[in-house]
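Undergrad: Okay, predicted coordinates and the sequence, questions at the end:
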Amino acid sequence: VMLVVAVPTMVAGMRFARQGSVRGLFAWLGALAYLLYNAVLLLFGTPFNQLFLLYVGILGLSLAGTIALLVSTDVRALADRLSGAPARGIAVFIWVIAGGNALVWLRQVVLGMGSDGPPAFLDGTGLTTNPIYIEDLAFWLPLAGLGALWLWRRAPWGYLISGGLLGLWLIEGIGVATDQWFGTHADPTSAVASMAGVYLFVVVAVVNAVAMGLFLRRVRPAG
């Protein structure tokens, strides 16, 4: 998914964004955020292997690229071009997704903190902790909540953050569905992969694609 979906999306987004395309900008930002998110998982959620330095490079470059894109974007001009977007509807959507995600993760974490041995959510993973919970609870979900709040208030940064997160979640839905498919075919008895997970995240990807389409449906011309 990183090679076949995220990288081509990023390259195409870069090309169209440089021509003034708002949709291209969000494709670029969403793909960078996806690569950044998964680089952390590759480094902290997989055993050390021959691709370690590649993972380090992906993390460093995607982080630098994301920061560079954020600071070089004219957020006020972007918000003006997206003035016709259903800002409050999209903000509520992001709150629902982020809030539901946080509740699911916190439930697992709280139950795990009360167990005497390794928590049940680590069964079958070979991990000592879950980097997904760390990333999401420490950074991505709070960022989603804050971005949605700014979008609700129609603050310029709310448009940029919210659009980038929608792009991330769209590609991540495809990525997790793919993970689940490969996982369940490699080990049908796996506790962490199933065909139900495939179907769930296909739906997640479709729902986020619809939200992204609504968000970017009415983009005003530049100037």
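TA: Thanks, I have it.
Undergrad: From now on I want contacts and neighbour counts done on CA atoms only, so please keep to that.
TA: Noted.
Undergrad: Select the longest helix from the chain.
TA: Using DSSP state H, we find that the single longest helix of the chain is helix 156-186.
Undergrad: Check which helices and strands it is in contact with.
TA: helix 22-44, helix 75-81, helix 87-113, helix 141-152, helix 195-215 (3 or more C-alpha pairs under 8 Å, 6 or more residues apart in numbering; DSSP states H and E).
Undergrad: What does residue 45 show for phi and psi?
TA: phi -120, psi 10 (degrees, to the nearest 10).
Undergrad: next one: the one 3 residues further on
TA: Dihedral angles phi and psi of residue 48 (degrees, to the nearest 10) take the values phi -60, psi 130.
Undergrad: per-residue confidence at it?
TA: In this model, residue 48 is scored at 93, pLDDT.
Undergrad: So, low pLDDT: which residues of the chain?
TA: 223 (pLDDT under 70).
Undergrad: For the residue nearest the centre of it, give me its contacts.
TA: Nearest residue to the geometric centre of the chain (C-alpha atoms, centre = their mean): residue 168, 3.2 Å. Taking C-alpha atoms under 8 Å, 6 or more residues apart in numbering, we find residue 168 in contact with 29, 30, 31, 33, 34.
Undergrad: 10 Å instead?
TA: Contacts for residue 168 (C-alpha atoms under 10 Å, 6 or more residues apart in numbering) come out as 6, 26-37, 162, 208.
Undergrad: what's the closest of the helices and strands packed on helix 156-186 to residue 127?
TA: Closest approach to residue 127 among the helices and strands packed on helix 156-186 (C-alpha to C-alpha): helix 22-44, 9.0 Å.
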